[in-house]
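**Student:** Predicted model and sequence below, questions to follow.
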Amino acid sequence: FNSDIFGIKWVQQFRYLGIFLGHKHDDNEQKNFFSKLNEINLLLQKWKKRELTFFGKIQIIKTHVLSKLVLSSSLLITPKDFIKKINTLIFNFLWGERSEKIKRAKLINDIENGVVNMTDYKLFTLSLLANWVSRLLNADPKTDAWAQLPTIYFRELSNIKPDLIFNLDDTVQFPYLNGIPIFYQHVFKKYNEVFTSTKDYFEQSIMCQTLWGNKHIVQIIGKKKSALLLRNWIRSGVNNINDLDFIDGVVDVVKMRDKIAVKNNIHCELLIVKKALLPFKHAIKNNNNYAVSIKPPLKSKEFYKLFKEKFNNTESFQNTFLNHFCLNEDHTDAFTCKVKLEKETKLKEFNFKVLHGILPCNSNLKRWHITDSDICDACDQSQTIQHLLLNCPYVQTLWHIIHLKFGINVTFKQILGLDKTFEHNHLVSIVTFLIYKEWLLSSLEHKKRQQTLCKAFFKNELSLRISTYQLSNNIDPKQIDDFLLLLSTL
């Protein structure tokens with residue numbers, strides 16, 4: 001169009017409160033989202049040079065990357081392509097552009113479940129959008145000017161359910177939403193996506209379920225499913241399934257005809273409702289009314305946690321490496337002991353890699369196509385994690401010394417933190433870390449370890465660690481005494 005009318009220059013795009021607005025949707029997305037990719041990439045390249053730990057990298061991602069995206073992702077619908085590209089940048093930074101060793105679905109879980117509580121950007125954007133409904137519910141349109149328009153958009157729905165919690169997701173259409181802006185459609189759907197119930201739960205609580213905007217109560221037109229919303233029935237006070245009358249689990253047409261005020265299209269409406277509820281005849285007949293009261297979250301963090309629980313199934317908690325040594329229920333204690341409660345970041349990262357079976361050793365390096373051989377440099381056996389840290393004849397001398405001084409025969413299960421009665425977890429963590437460190441330094445210098453244990457290396461490392469611990473107020477004095485006892489023996 002003519003950008004110069006009456007001598008006034010009309011711009012195609014402008015920036016208002018940090019958001020670019022204009023006539024071209026693609027140009028707006030480019031400025032608000034995709035233009036930030038290069039800036040984020042340069043930022044991550046700078047931090048790569050610092051050789052951060054796994055946990056340090058995650059802190060950088062949360063602090064310096066996601067913070068740059070909060071404003072745009074809160075006020076606009078984030079493009080799917082942008083989400084993919086951001087995730088690619090983030091996880092390349094996390095793993096050093098090598099192949100990912102742990103599935104992304106696992107990484108976003110809590111440390112107790114064996115992972116690092118990494119933020120999933122897609123769920124992060126959904127939680128920011130869903131939180132707008134919580135803000136709206138707690139806003140007063142008389143004093144909060146921003147809430148006036150969305151209050152009008154959702155007025156009819158809030159009359160049905162004041163908390164705006166329906167049973168909707170993207171699997172069904174809801175014609176009511178077609179009359180409001182796309183952004184608010186998206187906000188409403190994502191808010192409700194947190195609370196959508198399974199078919200089993202729906203049937204267990206069917207008498208407490210809303211009749212309108214419910215993904216289980218639909219009208220099928222061709223291949224499309226559409227959730228019901230009959231304004232005539234709403235004005236007559238019919239909002240939930242328990243507002244209906246039934247005979248043997250089927251809608252009582254006679255009684256409902258009398259209950260509905262306006263009868264212009266009553267026969268068609270009764271047919272639609274009756275047909276939609278027919279698959280649940282048995283549940284209605286049993287008068288199932290089990291229901292858990294839902295309190296809407298107030299913060300985006302709470303929404304994020306709910307999205308995470310909803311989209312992550314129990315399979316994402318499985319640890320195939322630890323399954324060889326214990327049952328699944330023991331994993332939580334191991335990660336709590338070895339990772340969550342560990343104060344030293346390097347040691348925490350080491351334990352994390354051991355527990356996931358991704359600690360670099362010749363066996364893993366061969367599997368990752370980094371080396372050609374998996375043979376141990378100190379003996380002629382395959383070097384697995386268990387062999388490197390415990391079974392190798394080279395380190396057996398050290399474990400024998402620990403047995404004589406502390407009266408313990410350390411097993412690999414105890415190294416993994418799976419023995420709840422074991423009292424020397426920190427000592428074993430330090431010893432295994434030093435074993436790994438010596439092998440790693442030798443490997444990087446392309447040297448082989450000697451046939452006998454290099455006690456000088458362990459003496460030096462323990463001395464440095466003890467002097468550091470003695471200056472700290474967070475280390476248990478008993479642990480320092482254990483290290484001093486071990487040092488005196490080497």
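**Tutor:** Perfect, I can see it now. Numbering: from 1, shown residues only.
**Student:** Could you measure from the residue nearest the centre of the chain over to residue 133?
**Tutor:** The centroid of the chain falls nearest to residue 108 when counting by CA atoms, centre = their mean (3.7 Å). In this view, residue 108 and residue 133 are 23 Å apart by CB to CB, to the nearest Å. C-beta: built from backbone N, CA, C; applies to glycine.
**Student:** Tell me the confidence at residue 162?
**Tutor:** Model confidence at residue 162, expressed as pLDDT, equals 86.
**Student:** May I ask which helix or strand encompasses it?
**Tutor:** Assigned by DSSP states H and E, residue 162 belongs to no helix or strand.
**Student:** distance of it from residue 136?
**Tutor:** Residue 162 is 11 Å from residue 136, by CB to CB.
**Student:** try residue 38
**Tutor:** From residue 38 to residue 136 the distance is 35 Å (CB to CB).
**Student:** For the two, indicate the residue with more neighbours.
**Tutor:** residue 136 (22 against 9; other CB atoms under 10 Å).
**Student:** Tell me which residues touch residue 229, please.
**Tutor:** Going by CB atoms under 8 Å, 6 or more residues apart in numbering, residue 229 touches 174, 175, 176, 212, 213.
**Student:** swap the cut-off to 6 Å and go again
**Tutor:** For residue 229, the contact set (CB atoms under 6 Å, 6 or more residues apart in numbering) comprises 176, 212.
**Student:** what about it, which helix or strand?
**Tutor:** Residue-wise, residue 229 maps onto no helix or strand under DSSP H and E.
**Student:** Measure how buried residue 201 is and give me the count.
**Tutor:** Neighbour number of residue 201 under other CB under 10 Å is 16.
**Student:** What of residue 428?
**Tutor:** Per other CB under 10 Å, the neighbour tally for residue 428 reads 23.
**Student:** Now the helix or strand hosting it: buried residues?
**Tutor:** Assessed by DSSP H and E, residue 428 sits inside helix 425-444. Neighbour-count burial for helix 425-444 flags 425-436, 438-439, 442-443 (criterion: 16 or more other CB atoms under 10 Å).
**Student:** Helix or strand next in line after it, which one?
**Tutor:** helix 455-470.
**Student:** Now do that next one: which elements does it pack against?
**Tutor:** Judged by 3 or more CB pairs under 6 Å, 6 or more residues apart in numbering; DSSP states H and E, helix 455-470 is in contact with helix 425-444, helix 477-489.
**Student:** C-alpha coordinates for stretch 430-449, PDB please?
**Tutor:** Output of stretch 430-449 as PDB, limited to C-alpha atoms (Å, rounded to 0.1, in the frame of the first residue of the first chain):
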ATOM      1  CA  ILE A 430      36.800 -39.300  45.700                       C
ATOM      2  CA  VAL A 431      38.900 -42.400  45.100                       C
ATOM      3  CA  THR A 432      37.100 -43.400  41.900                       C
ATOM      4  CA  PHE A 433      37.300 -39.800  40.600                       C
ATOM      5  CA  LEU A 434      41.100 -39.800  41.200                       C
ATOM      6  CA  ILE A 435      41.400 -43.200  39.400                       C
ATOM      7  CA  TYR A 436      39.500 -41.800  36.500                       C
ATOM      8  CA  LYS A 437      41.500 -38.500  36.500                       C
ATOM      9  CA  GLU A 438      44.800 -40.400  36.400                       C
ATOM     10  CA  TRP A 439      43.700 -42.500  33.500                       C
ATOM     11  CA  LEU A 440      42.200 -39.500  31.600                       C
ATOM     12  CA  LEU A 441      45.400 -37.400  32.000                       C
ATOM     13  CA  SER A 442      47.500 -40.400  30.700                       C
ATOM     14  CA  SER A 443      45.200 -40.900  27.800                       C
ATOM     15  CA  LEU A 444      45.200 -37.300  26.700                       C
ATOM     16  CA  GLU A 445      49.000 -37.400  26.700                       C
ATOM     17  CA  HIS A 446      49.000 -40.700  24.800                       C
ATOM     18  CA  LYS A 447      50.800 -42.500  27.700                       C
ATOM     19  CA  LYS A 448      50.200 -45.800  29.300                       C
ATOM     20  CA  ARG A 449      49.900 -46.300  33.000                       C
END
